[in-house]
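Peer 1: here you go, sequence then predicted model.
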Amino acid sequence: MRRYLTKRLGMMLVTLLLITLLTFILMHVVPGGPFTNDKQIPESVLSALRKKYKLDEPLAVQYLRYLGGLARFDFGPSLKYTGKSVNDFIQSGFPFSARLGALTLVFVLLASIPMGVVSALRSGRWQDALLMGAATLGVTIPSFVIATGLLYIFAFRLGWLPTFGVAKWQGYVLPVAALGGYSISFLARLTRSSLLEVMGQDYIRTARAKGLRETRVIIRHALPNALIPVVTVLGPTVANLLTGSFVIEKIFAIPGMGAHFVNSITQRDYTTIMGTTVFYATFLISMVFIVDLFYCLLDPRIRLE
Amino acid sequence: MTKRIALLLAALVLIGSVALAAPAQELVFALQNEPDGFDPSVTNNSFASPFLTNVFEGLVTYDTTDGSMIPGNAESWTVSDDGLTYTFTLREGLKWSDGSPLTAKDYLYTFKRILTPETAAQYLNLVTDYIEGAQEYYDGAGSDEALGVKAPDDRTLVLTLKTPAPYYLSILTMWTFSPVQQATVEANGDQWTNKPDTYIVNGPFKVEAFNMGESVVLVKNPEYYDADKVKLERITFRYITDSATALMAYEAGEIDGSRGFPPNDYARLRASDAGVVMEAAYATTYYDINNAKAPYDNPLVRKALNLAVDRVSLIDNVIQTPALPAFSLIGPGYVVDGVDFVEGRSNFGLSETADVEGARAALAEAGYPNGEGFPTLQLSYYTNDTIKKVVEALAAMFTENLNIKVEISNEDWAVYYDNIQAGNYEVAAMGWGADYLHPMTFLPLLKTGDANNLVGYSNPEYDALVEQAQSETDPVAAMEIMRKAESLSAEEYPLLNLYYRANTMLLRAKVQGFYFDYSGSIFLKTAFIAE
């Protein structure tokens, strides 16, 4: 077990290193630079800026210095926002994104799995058609459409909820619903198809033949196995939800991290591109690792080497 | 019975107190963009204007009732007869927001800080181009003695210019020339603008809270010399980057105003009297035509493009916001002796709607009768929803009116701007917003060798006139020279001028006493919430 853990941890670090290298190369390959403003900046100021942020050094040196900073959890200064560091962005934005993401996750789990189970058990009947119809809509309608629609109806027309921000708890309702829409639909469909498959297995017939009650057959024997694919996609889903959504945070004016992922790229804010990528990648890799650990709990056939 | 009377009295008191209570002097205003910084010496970012305009003040400022230039930190000034030396006398007892005295030495420090390469001041040119010895100081070859900024005593600041630029006072209204406090800058480096207690300011308001990505809260600065006139107690600038959300929040009554709103809603909001504030902007939207590249090096081709465009249709049907058709670079707004720069100006042969016949004739004269033999026009723009619509409309006008082929392409601003600077384009979306209210903010755009001349237009006669205007001390004479320069260039159609912009914002009618200037800055010094 310990050997397995060290090996996985080592692999995670190598993956992370490769991600930083690739991101670093890609962002420098893209034309344009961080100091292109809407107004022309004098050449002498540009060179002063390049010097200030050490962009005048060879790329390899810049990369190694970046890794050095990373080892000290220092993501460096933002090239676009004077006086701000990438750590500032993460420290101020992540709590908002994580809070919204965690609430959404709870909502997603509470809604999607029961939806999938009910549809599977009532497969082919009206309950199934209704739930899966809703799920198809949830997967196909983009979140910004859902968000704008919800905002218009519940905040603007009815005035029940605030139109922006999360200063009050009511502010979370609409973003959670809009952000969770896709995941709920996707996970519900996944749960349904996976459960349907499991219900046709021999061991389910055996369990029934033993005379177990149907609820026990489902909860004790079918569901844990049916949830393996769900847990698999849950890893990336958690990472996505917790690190913030550009679209949802923009529409509801939530000061999370989402904006930095997109804006840093259009602004060529190199350190912020690196910082947000590394942050997200670390999160994603850790989640995938946790998912792997979960497999053992769910399925005794899966053993760690 | 007594109970009833008591109840009645209580009700009366309640009603009375509601009626008598003055409205809270607080304002919540939505902004769609976060600035790249809050350091007035460093940034040239227009998104910083709501903050820098209200928490800092320079030597001169604008009157919030009529927009005329008035004394700010300086109570008076004199200009030497040769127009080169400006001597400012600061007000007595000026203070920083931390209560410490603000003197001419602070101004001197600020100028020197701008002239230090490490500061990376984006508006550096506004100092080095005009102040004696400034470029040398920046390059490390100058000295304190040779620099044309002196503070002989605490209340006197003397600026010496290289040439008598009579418009330098309007340049001095810009936030770049607001003082910064040496103590806090030196103690905190470029992070002095991050926290309210280190962000020492000298304007009508100061910062109470910086909530990154969320909001910036300003409160009245009791140390401001004119604090008696400042009525607003608190201003919350809330970042709502999605303008549609901001509009909903405004219409739902959650905010008092918003800098932006979706252009498609303009007509509806205007019609319903919802509080659209509109001010002509000193800014022009034009398309760069590559004057150095065939066939666009031919003025007739450029004229044909200019004639083929229906400017009214672009404004009414495409951008759907108030704007005025533009036939040349300089828009209305600059007034000398009650006469606007553009008054009585020619249309330079252009019309508000398309002149198809004229356009075709010009193209035929250039050697492309009925568009035959004309290479496919490359029309480029930077990724932006509104500009996309304009470009598509332009392409249709060129195709239909000139019978030429048009190819559209777009790139991110960072890539796009590099290409424009390198001359890799034919016709490309561009625009210019004035830095200060004077035609001289536009004229260098067509001067040979100017860093902002991106079209490669070059006319020695024009260059000479611009230089002549820069040193003419009589404003009326300078205006005549600038007009001559403008018509000289306009008759060669170096640009495809489309329209003079207007700034719009949403603000409830109860907010009064503010000043919305030509650059879209909002001065809230004397603003108040009316009952």
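Peer 2: Arrived safely, thanks for sending.

Peer 1: state the phi and psi torsions of B:Phe516.
Peer 2: Main-chain torsions, B:Phe516, degrees, to the nearest 10: phi -110, psi 110.

Peer 1: what bridges to it?
Peer 2: When bridges are called by DSSP bridges, B:Phe516 pairs up with B:Ile522.

Peer 1: I'd say it and B:Ala281 touch.
Peer 2: No: at 9.9 Å, B:Phe516 does not count as touching B:Ala281 under the criterion of Cβ atoms under 8 Å. In short, each C-beta sits where N, CA and C put it, glycine included.

Peer 1: who has more neighbours, these two?
Peer 2: More crowded of B:Phe516 and B:Ala281, by other Cβ atoms under 10 Å in any protein chain shown: B:Ala281, with 24 against 19.

Peer 1: shouldn't the more buried one be in contact with B:Gly520?
Peer 2: Yes: the criterion here is Cβ under 8 Å, and B:Ala281 meets it with B:Gly520 at 6.4 Å.

Peer 1: intersection of neighbour lists for the two?
Peer 2: Taking Cβ atoms under 8 Å, 6 or more residues apart in numbering or on different chains as the criterion, B:Ala281 and B:Gly520 both touch B:433, B:503.

Peer 1: near chain A, which residues of the stretch 51-200 of chain B?
Peer 2: Applying Cβ under 8 Å from any Cβ of the partner chain, we find that the stretch 51-200 of chain B lies next to chain A at B:117-122, B:124-125, B:128, B:138, B:189-194.

Peer 1: in the stretch 101-250 of chain A, which spans are helices?
Peer 2: If DSSP state H, counting those that start in this stretch is used as the criterion, the helices of the stretch 101-250 of chain A fall at A:126-140, A:143-150, A:173-199, A:202-209, A:214-216, A:223-242, A:246-251.

Peer 1: likewise for the stretch 301-450 of chain B?
Peer 2: B:311-313, B:356-365, B:385-402, B:413-421.

Peer 1: also the stretch 51-200 of chain B?
Peer 2: B:104-114, B:125-128, B:134-139, B:168-172, B:182-188.

Peer 1: contacts only, for the nearest residue to B:Pro369 once chain neighbours are set aside.
Peer 2: Closest residue to B:Pro369 apart from its sequence neighbours, by Cβ to Cβ, 6 or more residues apart in numbering or on different chains: B:Leu363 at 7.5 Å. Under the criterion of Cβ under 8 Å, 6+ apart, the neighbours of B:Leu363 are B:300-301, B:304, B:369, B:371, B:374, B:402, B:404.

Peer 1: any idea how far B:Leu363 lies from chain A?
Peer 2: Here the criterion is Cβ to the nearest Cβ, to the nearest Å. By it, B:Leu363 lies 32 Å from chain A.

Peer 1: check B:Gly203 too.
Peer 2: 19 Å.

Peer 1: correct me, but that residue touches B:Tyr224?
Peer 2: Yes: the pair B:Gly203 / B:Tyr224 is scored as a contact, 6.5 Å apart, by Cβ under 8 Å.

Peer 1: what residue in chain B comes nearest to chain A?
Peer 2: B:Ala414 (2.9 Å; Cβ to the nearest Cβ).

Peer 1: which non-adjacent residue is nearest A:Thr36?
Peer 2: Distance criterion Cβ to Cβ, 6+ apart; nearest residue to A:Thr36, sequence neighbours excluded, is B:Ala414 at 4.4 Å.

Peer 1: run a quick neighbour tally on the one you found.
Peer 2: Neighbours around B:Ala414, by other Cβ under 10 Å: 20.

Peer 1: and what of the one 4 residues further on?
Peer 2: The burial count assigned to B:Asp418 is 15, neighbours taken as other Cβ under 10 Å.

Peer 1: tell me the predicted confidence for it.
Peer 2: Here, the pLDDT recorded for B:Asp418 equals 87.

Peer 1: what's the closest non-adjacent residue to it?
Peer 2: Among residues not flanking B:Asp418 along the chain, A:Gly32 sits closest, at 5.8 Å (Cβ to Cβ, 6+ apart).

Peer 1: what sits against that neighbour?
Peer 2: With contact set as Cβ under 8 Å, 6+ apart, A:Gly32 has these partners: A:268, B:412-415, B:417-418.

Peer 1: got the end-to-end distance for stretch B:409-429?
Peer 2: Distance between the two ends of stretch B:409-429: 11 Å, counting by Cα to Cα, to the nearest Å.

Peer 1: show me how far it is from its chain's centre.
Peer 2: Put simply, stretch B:409-429 sits 22 Å off its chain's centre (Cα atoms, centre = their mean, to the nearest Å).

Peer 1: and the pLDDT at residue 11?
Peer 2: No chain specified, so I'll use chain A. Per-residue pLDDT puts A:Met11 at 91.

Peer 1: I was after chain B.
Peer 2: pLDDT, B:Ala11: 54.

Peer 1: cool, and B:Asn44?
Peer 2: pLDDT for B:Asn44: 89.

Peer 1: then the one 10 residues further on?
Peer 2: Reported pLDDT at B:Asn54 in the predicted model: 96.

Peer 1: that one and B:Ala527 touch, don't they?
Peer 2: No: the pair B:Asn54 / B:Ala527 is not scored as a contact, 9.4 Å apart, by Cβ under 8 Å.

Peer 1: who has more neighbours, those two?
Peer 2: Ranked by neighbour count (other Cβ under 10 Å), B:Asn54 and B:Ala527 place B:Asn54 first, with 26 against 22.

Peer 1: so stretch A:87-107, near chain B or not?
Peer 2: Yes: applying Cβ under 8 Å from any Cβ, one finds stretch A:87-107 touching chain B at A:88-89, A:92-93.

Peer 1: so which two of the residues of the stretch 51-200 of chain B next to chain A are the farthest from each other?
Peer 2: With distances taken as Cβ to Cβ, the most widely separated pair in these is B:Thr128 and B:Asn194, at 28.2 Å.

Peer 1: common neighbours of B:Phe516 and B:Ala281, please.
Peer 2: B:Asn503.

Peer 1: picking that back up, put together a markdown table for the helices of the stretch 51-200 of chain B, with distance to A:Leu137 on each row.
Peer 2: Shown next, in a markdown table, are these (distance: least, Cβ to Cβ, whole Å):
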| stretch | distance to A:Leu137 |
| --- | --- |
| helix B:104-114 | 57 |
| helix B:125-128 | 56 |
| helix B:134-139 | 62 |
| helix B:168-172 | 58 |
| helix B:182-188 | 53 |
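
Peer 1: ranges for the strands of the stretch 1-150 of chain B?
Peer 2: Secondary structure of the stretch 1-150 of chain B (DSSP state E, counting those that start in this stretch): strands at B:26-31, B:60-62, B:69-71, B:74-79, B:85-90, B:149-153.

Peer 1: in a markdown table, list those strands along with mean neighbour count and mean pLDDT.
Peer 2: Shown next, in a markdown table, are these (neighbours: other Cβ atoms under 10 Å in any protein chain shown; pLDDT from 0 to 100):
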| stretch | mean neighbour count | mean pLDDT |
| --- | --- | --- |
| strand B:26-31 | 22 | 96 |
| strand B:60-62 | 21 | 94 |
| strand B:69-71 | 14 | 92 |
| strand B:74-79 | 16 | 95 |
| strand B:85-90 | 20 | 97 |
| strand B:149-153 | 16 | 96 |
